[in-house]
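>>> here is a sequence together with a model predicted from it:
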Amino acid sequence: MRERTEAARLKAEREAERQQAERRAIEREQRQFAEAVGPVTPLAPHNRREHGTEPKPPPLARQRELDEQAALREAWSDAVDIESLLQTDDGLGFRRSGVGPDVLARLRRGEWTIQAQLDLHGLRREEAREALITFLAEAQRQGLRCLRVVHGKGLGSPGREPVLKAKVQRWLAQCDAVIAFAQASGPQGGAGALIVLLGSGGR
């Protein structure tokens, strides 16, 4: 019994010596580090958020958007005849079935605030179509209603004819989200631009 007690005591002493040696080693390392670094001034507190702590945004259905845009590119034809749908009595305009004629009149008078604009100057046909698809998709995503699309007056084109004007009209008429468009008034671009109205639901 006495031998076991003595053995336990010696074991406890050795453990205490080991822990004391570890503490001395740590303190020695801390002193050496402090001597090597020199005086240190703590940084003032800040209100910045630590990187990685902010909530992640919800994932975007990017592939679905790309698929939808690809489908639109294939569906928007340059050969669609919309001449019978255009109203040219007091200025070019287009409205879907169920949209009242007063909508075109208000578009022409500039009663709606233009929320975004796309300028197609200098773009080739395919570039312009791609830009218009992307522009309308983004406008729908943001819930915008009234847009301006600048296609130009063709002053720098052969024959001084607006190359994109008729194409833009056809493309817009084939976009389900577009419920009406009208030639812009003078201050808004005149014959070189269209004012476009999107449906509130945005299909």
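Looks like it came in fine. Numbers count the residues shown, from 1 in each chain.
>>> for Lys165, which non-adjacent residue is closest in space?
His151 (5.0 Å; CB to CB, 6 or more residues apart in numbering). Placement of C-beta: from N, CA and C, glycine included.
>>> wait, that neighbour touches Leu120, no?
Yes. Counting by CB atoms under 8 Å, Leu120 is a contact partner of His151 at 5.2 Å.
>>> break the protein down into its domains, please.
The record assigns the chain these domain ranges, following automatic domain parsing: 1-40, 63-76+84-198.
>>> buried deepest among these, which one?
For the domains of the chain, ranked by mean neighbour count under the definition mean count of other CB atoms under 10 Å, the leader is domain 63-76+84-198 at a mean of 16.
>>> I'd like the average pLDDT over that domain.
For domain 63-76+84-198, the mean per-residue pLDDT is 81.
>>> equivalent analysis for stretch 26-35, please.
Rounded mean pLDDT across stretch 26-35 is 77.
>>> from here on, call the first residue 29.
In the new numbering, first residue 29, that becomes stretch 54-63.
>>> show residues contacting that stretch.
Stretch 54-63 is contacted by no other residue when judged by CB atoms under 8 Å, 6 or more residues apart in numbering.
>>> please save the CA atoms from that stretch in PDB.
The C-alpha trace of stretch 54-63 is given here as PDB (Å, rounded to 0.1, in the frame of the first residue of the first chain):
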ATOM      1  CA  ILE A  54       5.600  29.000 -23.800                       C
ATOM      2  CA  GLU A  55       6.600  32.000 -21.800                       C
ATOM      3  CA  ARG A  56      10.100  32.000 -23.300                       C
ATOM      4  CA  GLU A  57       8.600  31.800 -26.900                       C
ATOM      5  CA  GLN A  58       6.300  34.700 -26.100                       C
ATOM      6  CA  ARG A  59       9.200  36.800 -24.800                       C
ATOM      7  CA  GLN A  60      11.300  36.000 -27.900                       C
ATOM      8  CA  PHE A  61       8.400  36.900 -30.200                       C
ATOM      9  CA  ALA A  62       7.700  40.200 -28.400                       C
ATOM     10  CA  GLU A  63      11.400  41.100 -28.600                       C
END
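>>> ok, back up a step: distance check, the residue nearest to Lys193 against Ala62.
71 Å (CB to CB, to the nearest Å).
>>> before we move on, what about Glu166?
57 Å.
>>> pull up the overlap in contacts between His179 and Leu148.
Listed as contacting both His179 and Leu148 by CB under 8 Å, 6+ apart are 156, 192, 196.
>>> Three-state assignment for the closest residue in space to His149 that isn't next to it in sequence, please.
Leaving aside its chain neighbours, His149 sits nearest to Gly180 (5.3 Å; criterion: CB to CB, 6+ apart). At Gly180, secondary structure determined by DSSP: H, G, I helix; E, B strand; the rest coil is coil.
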